[in-house]
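S.K.: Here is a sequence together with a model predicted from it:
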Amino acid sequence: MSPTTAPAAAGTATTEAPVLLDVRGLRVDYGQPGDPLLAVRDVDLQIRRGEVLGIAGESGSGKTTLITALLRLQRPPARTTAGTALLHPRPGQDGPPVDLLTASRRELRALRWERLSVVFQSAMNALNPVHRLESQFIDTLAAHRRMSRADARAHASHLLELVGIPASRARSYPHELSGGMRQRATIALALACEPDLVVMDEPTTAVDVVMQRQILAQVQRLQAEFGFAIVFITHDFSLLLEIADRLAIMYGGRIVETGTPAELQGDPRHHYTAGLRDSFPPLRGPLVPLRGIPGSPPDLRTAGIACSFADRCAGAQEDCRSTVPPLFVEGSRAHACLHPVGTPAPSSPGGRP
Ligand SMILES: Nc1ncnc2c1ncn2[C@@H]1O[C@H](COP(=O)(O)OP(=O)(O)OP(=O)(O)O)[C@@H](O)[C@H]1O
């Protein structure tokens with residue numbers, strides 16, 4: 001097994017759908033140039049049209065930093081220091097891809113809502129508290145779709161109904177809705193202009209488990225109807241097993257493994273993926289003992305000359321402490337581990353195990 005010559009994009013080609021967003025070599029840091037915290041390190045990520053890519057990783061692994069950089073929503077002290085993120089045109093449309101990391105404000109304005117939208121954990125941040133729900137839809141549709149107010153109102157009612165909010169609630173203010181309703185309204189708003197990609201950052205963390213299931217079922221129905229791609233970010237591995245087509249696992253600012261849910265659940269290659277899997281109860285099937293991952297997350301202030309998981313890894317060998325593993329590609333999946341799960345430990349000198 002050897003690393004690929006070209007960088008392996010996370011979740012490389014498991015479907016034939018055209019590539020929508022191609023991220024290469026993304027680096028983001030926080031803080032002073034002399035003392036940066038390296039929150040995202042050399043991330044390659046490929047998102048295909050219509051797929052659900054789940055990004056999982058523990059708190060502080062860089063998930064939010066990654067997507068706020070891609071969407072150009074980051075604020076100082078965050079700085080993108082390297083990389084490209086090419087958004088490809090819709091099939092049948094001409095023109096070169098747009099690099100989201102260098103696009104002008106004007107280009108970004110044209111892309112937001114219409115090609116890219118985002119749903120964050122807190123719906124109150126997305127909805128304007130002093131405007132009725134309906135008028136937030138109408139303003140967005142009027143600005144980006146040039147719809148008449150009457151058409152926009154009808155479209156808003158339709159979208160709200162799609163997420164289970166009756167038209168009679170369209171004139172409510174956000175604070176008059178339950179948390180679950182607000183979050184569903186935010187999702188409907190994100191879909192208003194039929195974007196190609198919807199980024200969802202912990203969209204169901206703030207609601208109870210029953211509401212979480214309802215929202216996810218609705219998202220899946222909407223996705224089947226409209227065909228948008230989703231990047232779904234969460235620390236909840238078992239949730240992603242249920243809803244994602246492919247998974248990318250982040251640890252210490254890097255993508256450490258990618259593959260399908262079945263691959264990563266049944267046969268994880270990176271020891272961190274295995275630990276993450278064993279830390280969450282499965283949503284279906286028999287109960288299994290939960291193990292957790294001992295130790296604490298890596299120090300992101302050091303550039304690292306080792307695998308950042310080595311100190312917590314039961315399978316770590318000597319070379320793991322002196323080499324940053326590249327992403328190794330095995331067919332449609334990839335992992336960044338020198339001694340993957342299931343490979344025998346090297347024999348000690350003299351042939352003894
Ligand atoms: N504004 C900031 N200034 C400095 N460091 C930050 C800032 N925001 C995040 N970080 C650091 O960057 C690293 C990545 O954080 P990030 O929020 O992207 O992780 P995450 O995987 O999204 O975590 P969570 O699941 O808790 O949201 C962490 O070490 C975090 O402490």
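M.R.: Alright, I've got the coordinates.

S.K.: Am I right that residue 200 sits in a helix?
M.R.: No: according to DSSP: H, G, I helix; E, B strand; the rest coil, residue 200 belongs to no helix; its state is strand.

S.K.: pLDDT score for it?
M.R.: If you check residue 200, the pLDDT there is 93.

S.K.: List the residues that contact it.
M.R.: 118-119, 187, 219, 230-233 (C-beta atoms under 8 Å, 6 or more residues apart in numbering). Just so you know, the C-beta spots here come from the backbone N, C-alpha and C atoms, and that holds for glycine as well.

S.K.: Could you rerun that using 6 Å?
M.R.: Neighbouring residues of residue 200 by C-beta atoms under 6 Å, 6 or more residues apart in numbering: 119, 232.

S.K.: now residue 295
M.R.: Each residue near residue 295 by C-beta under 6 Å, 6+ apart is listed here: 311-312.

S.K.: Now do the SS call for it.
M.R.: Following three-state DSSP, we place residue 295 in the coil state.

S.K.: May I see the buried residues of stretch 246-263?
M.R.: In terms of neighbour count (16 or more other C-beta atoms under 10 Å), stretch 246-263 has its buried residues at 246-261, 263.

S.K.: Not counting its own residues, what contacts it?
M.R.: With C-beta under 6 Å, 6+ apart as the test, stretch 246-263 has contacts from 10-11, 14, 38-41, 43, 53-57, 61-63, 240-241, 244, 264, 269-270, 272-273, 298, 308-309, 333-336.

S.K.: Flag the shaky bits of the protein, pLDDT-wise.
M.R.: Residues of the chain meeting the criterion pLDDT under 70: 1-15, 123-125, 282-290, 345-353.

S.K.: what about stretch 229-249 and the ligand, touching?
M.R.: Yes: counting by C-beta under 6 Å from any ligand atom, the ligand has neighbours in stretch 229-249: residue 235.

S.K.: How far off centre is that stretch?
M.R.: Distance of stretch 229-249 from the chain centroid (C-alpha atoms, centre = their mean, to the nearest Å) equals 7 Å.

S.K.: Just the buried residues of that stretch, please?
M.R.: 229-241, 243-249.

S.K.: next one: stretch 88-100
M.R.: Within stretch 88-100, the residues scored as buried using 16+ other C-beta under 10 Å are 88, 98, 100.

S.K.: Which members of these are positioned in strands?
M.R.: residue 98 (DSSP state E).

S.K.: Dump the buried residues of stretch 88-100 to CSV, plus distance to the ligand.
M.R.: Formatted as CSV, the buried residues of stretch 88-100 follow (distance: C-beta to the nearest ligand atom, whole Å):
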residue, distance to the ligand
88, 26
98, 24
100, 17
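
S.K.: Out of the buried residues of stretch 88-100, which is nearest to residue 225?
M.R.: Nearest to residue 225 among the buried residues of stretch 88-100, counting by C-beta to C-beta, is residue 88 at 22.4 Å.

S.K.: For the closest residue to the ligand within the stretch 251-353 of the chain, which non-adjacent residue is spatially closest?
M.R.: Of all residues in the stretch 251-353 of the chain, residue 300 sits closest to the ligand, at 5.0 Å by C-beta to the nearest ligand atom. Nearest residue to residue 300 in three dimensions, chain neighbours excluded: residue 37, at 4.8 Å (C-beta to C-beta, 6 or more residues apart in numbering).

S.K.: contacts for the longest helix along the chain?
M.R.: Counting by DSSP state H, the longest helix found in the chain is helix 209-226. The contact list for helix 209-226 (C-beta under 6 Å, 6+ apart) reads 163, 180, 194, 204, 243.

S.K.: ranking those by neighbours, who comes first?
M.R.: The member of these surrounded by the most neighbours (other C-beta atoms under 10 Å) is residue 204, with 24 neighbours in all.
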